[in-house]
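Participant: predicted coordinates and the sequence they were generated for:
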Amino acid sequence: MRSALLIALLATSAPGDERAVFYGSWGTPEQCSRLPITPGGTVLAEPFEIDAQWLGHGQLWCRLNWLPIEPRENGYFSGAQAACGEDAVRGGHFLGMRLSGDQLTLTWNFGLINGPLKRCTGERSVE
């Protein structure tokens, strides 16, 4: 299954783009469904959107300067220098990305860990 997913991802990205295994929308079920963070609230949970140049999470965007990808026994690891901000760059961070099976974990240099996250599939639903 994992090899079929990797082949499909590589086929839709630039030739030789090994990082494509990390591209896409990733989140918890609530993030993928864009459910309100609090019941009845207006702020929605947002998945992480990753591509060759950017990581987006709601209104936060980070320009990615990727490090090499490393195949691991249970998946892949890569990292990036992430220049992040909402309307202007407010800081640079190191971001580690570990893909194990179908679960992605993001580890930030300031101690925050997001994950494990699953790939979001299907149509986005906003309730």
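Facilitator: Nice, thanks for sending it over.

Participant: and the gap between the residue located most distally from the centre of the chain and Pro29?
Facilitator: Most distant residue from the mean C-alpha position of the chain: Gly40, 26.7 Å away (C-alpha atoms, centre = their mean). Distance, Gly40 to Pro29, by C-beta to C-beta, to the nearest Å: 19 Å. C-beta here means a position set from N, CA and C on the backbone, and glycine is covered the same way.

Participant: over to Gly92?
Facilitator: When C-beta to C-beta is the yardstick, Gly92 and Pro29 sit 31 Å from each other.

Participant: looking at these two, which one has more neighbours?
Facilitator: Between Gly92 and Pro29, counting by other C-beta atoms under 10 Å, Gly92 is the more crowded of the two (13 against 10).

Participant: tell me which helix or strand the more buried one sits in.
Facilitator: Secondary-structure element containing Gly92, defined by DSSP states H and E: strand 91-100.

Participant: can you pull out the helices in the chain?
Facilitator: 2-11, 29-33 (DSSP state H).

Participant: which of those helices has the lowest mean pLDDT?
Facilitator: Considering these one by one, the lowest average pLDDT is found for helix 2-11, at a mean of 40.
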